[in-house]
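K.L.:
below is the structure, and that's it, no one-letter string:
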């Protein structure tokens, strides 16, 4: 009679890895899409609303304020979300295998 696989073996099973990779791919695509919106949003906003983007805020035009100050925190936020969610996905998968 075959013995059931240990939880350690199940964590590294093909099904486990496939499911984890599929969930991480969805997360990666969502974060990449958010990054592309942030990256191409400024040129699109400059093209579609030049008057708004020329508005002065704290001595800078809005477009320079977004580019110089708000762009990097937005990218950091996307990165932080990706890392936290990726770790959570891995922990959820491990917990489901251990049950």
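P.N.:
Thanks, I have it. Only a predicted model underlies this, so the values are computations on that prediction, with no experimental measurement involved. Numbering: from 1, shown residues only.
K.L.:
quick one: the helices in this structure?
P.N.:
Using DSSP state H, the helices of the chain run over residues 7-11, 14-48, 50-53, 62-65, 71-98.
K.L.:
of those, flag the one that's most buried.
P.N.:
helix 62-65 (a mean of 17; mean count of other Cβ atoms under 10 Å). C-betas here are computed from N, CA, C, even on glycine.
K.L.:
that one - contacts with which helices or strands?
P.N.:
Packing partners of helix 62-65 (3 or more Cβ pairs under 8 Å, 6 or more residues apart in numbering; DSSP states H and E): helix 14-48, helix 50-53.
K.L.:
kindly reformat the ones you listed as a markdown table containing distance to residue 59 and mean pLDDT.
P.N.:
A markdown table is the format used below for the helices and strands packed on helix 62-65 (distance: least, Cβ to Cβ, whole Å; pLDDT from 0 to 100):
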| stretch | distance to residue 59 | mean pLDDT |
| --- | --- | --- |
| helix 14-48 | 19 | 92 |
| helix 50-53 | 15 | 94 |
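K.L.:
select, out of the ones you listed, the one closest to residue 66.
P.N.:
Evaluated with Cβ to Cβ, the helices and strands packed on helix 62-65 place helix 14-48 nearest to residue 66, the distance being 5.7 Å.
K.L.:
can you tell me the centre-most residue of the protein?
P.N.:
When the chain is reduced to its mean C-alpha position, the closest residue under Cα atoms, centre = their mean turns out to be residue 31, at 3.0 Å.
K.L.:
quick one: it from residue 78, how far?
P.N.:
The gap separating residue 31 from residue 78 is 5 Å, by Cβ to Cβ, to the nearest Å.
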